[in-house]
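S.K.: One predicted model, sequence on top.
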Amino acid sequence: MLLSTLNLNHFLLLSLWLLLCGFLCIFRKRNAIGMLIGVELILNAANLNLIACSYFIPSFRLEGQIFTLLVIVLAAGEAATALAIILAFYQSHGTVDVDQGTELKG
Amino acid sequence: MELDETLFYLIAIPIAVLALIIVFTTHIVRAAIWLLFTLIGTAFLYFLLDAAFVAASQLMIYVGGILVLLIFAIMLTNQNPLNRLPISKLDRGFSILFVLFLGLGISVALYNSPVISGNGQNKTNTDSSSKKSEDQDEKNSSLSNDQISEIGTSFFDLNSKIPSQPMPGFPEGFKVNRKLPPRTNQGYLLPFELISIHLLVILIGAAYLARAKYNKNTENVSPSDTME
């Protein structure tokens, strides 16, 4: 057997840590690309959660891996779109500071 | 300490530390590079969890694709590396408070859930369950051999080999209420097709958003002039 002493809790706690780091990263960065890095951390936490559950819960085994594959593909699309928006923002404002984008303030 | 536990801590502790460094570094290029190592470490954890195909995809798409995209965006936006962009003290306090409450909330929820509370019971039962696990060994190893084809065929709902016994390491006191899904002859084709359309839309949208914009002054200039 591959894993004998580890259990699900180890992976859940690491996933929780990655989630919290991702949230903190989103809150603490004013750089739009830094916020995107935080989003990637959160998506990774979710993926790790899914893969760990897919290993330890047999009826979830294939679904976990397939959901993770779909999340990875969607994350690639999300990153491409967000970076295109950041580039357009930079071309019009000359900065990537998210505090400068105040045109849509209500 | 067993080999797998050693491997887990060898991978997990650097991931946790690097994630924290990503948060607190103010240098955006360094954050991207630390993200690279975090993603590679997560891919190693997928290998440890017997999900080789997902790990390979993670290495190719995340490390090879998204990170290159991030670094290109950093280069194209041409920022001054000394531009720190500090956040206000109010935001800083709010972020710490929010994350503390979120962490506490999820920890309490985890601790009260059967997944964690079944933990102590599991430790006493490891000796008896280890014999059981040896019997499962052959069954599971035959399953993991053709895992990639299994993932592929599951998109068409063609495979039927799903183990019924939980893996050792799964808490004993925790019952999985989830029944196997009824066979619908559908598989995962619908999300697969949806994602293909989604990617096409993203491709067009991103190309439209990031296109080079010309000023009104340069619009009247003939193309031969702009070539120089």
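M.R.: That came in fine, so what should we check first?
S.K.: Just give the number of residues close to whichever residue of chain A sits closest to chain B.
M.R.: Residue of chain A nearest chain B, by CB to the nearest CB: A:Phe27 (3.3 Å). Where you see a C-beta, it was placed from the backbone N, CA and C, and this is true even at glycine. Neighbours of A:Phe27 under the rule other CB atoms under 10 Å in any protein chain shown: 18.
S.K.: Surely it touches B:Leu100?
M.R.: No: contact criterion CB atoms under 8 Å: A:Phe27 and B:Leu100 do not qualify, at 11.9 Å.
S.K.: ok, now which ones touch the closest residue to the residue of chain A closest to chain B other than its chain neighbours?
M.R.: Closest residue to A:Phe27 apart from its sequence neighbours, by CB to CB, 6 or more residues apart in numbering or on different chains: B:Ser95 at 3.3 Å. B:Ser95 makes contacts with A:23-24, A:27-28, B:87, as judged by CB atoms under 8 Å, 6 or more residues apart in numbering or on different chains.
S.K.: Mind giving me the PyMOL select for those, buried ones only?
M.R.: Those of these that count as buried under 16 or more other CB atoms under 10 Å in any protein chain shown are selected in PyMOL with:
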select buried, chain A and resi 23+24+27+28
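S.K.: longest helix anywhere in chain B?
M.R.: Counting residues, the longest helix found in chain B (DSSP state H) is helix B:89-112.
S.K.: what comes up buried for it?
M.R.: Neighbour-count burial for helix B:89-112 [16+ other CB under 10 Å]: B:95, B:99, B:103, B:106.
S.K.: The residues you listed into a markdown table, with extra columns for pLDDT?
M.R.: A markdown table is the format used below for those (pLDDT from 0 to 100):
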| residue | pLDDT |
| --- | --- |
| B:Ser95 | 89 |
| B:Val99 | 91 |
| B:Gly103 | 92 |
| B:Ile106 | 90 |
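S.K.: and which of those is nearest to chain A?
M.R.: Proximity of the buried residues of helix B:89-112 to chain A was ranked by CB to the nearest CB; the top entry is B:Ser95 with 3.3 Å.
S.K.: coming back round to it: what does the residue of chain A closest to chain B show for phi and psi?
M.R.: Backbone torsions of A:Phe27, given as degrees, to the nearest 10, read phi -70, psi -30.
S.K.: Who are the contact partners of the residue nearest to the spatial centre of chain A?
M.R.: Central residue check for chain A by CA atoms, centre = their mean: the C-alpha nearest the mean position is that of A:Leu43, 2.5 Å away. Counting by CB under 8 Å, 6+ apart, A:Leu43 touches A:71, A:75.
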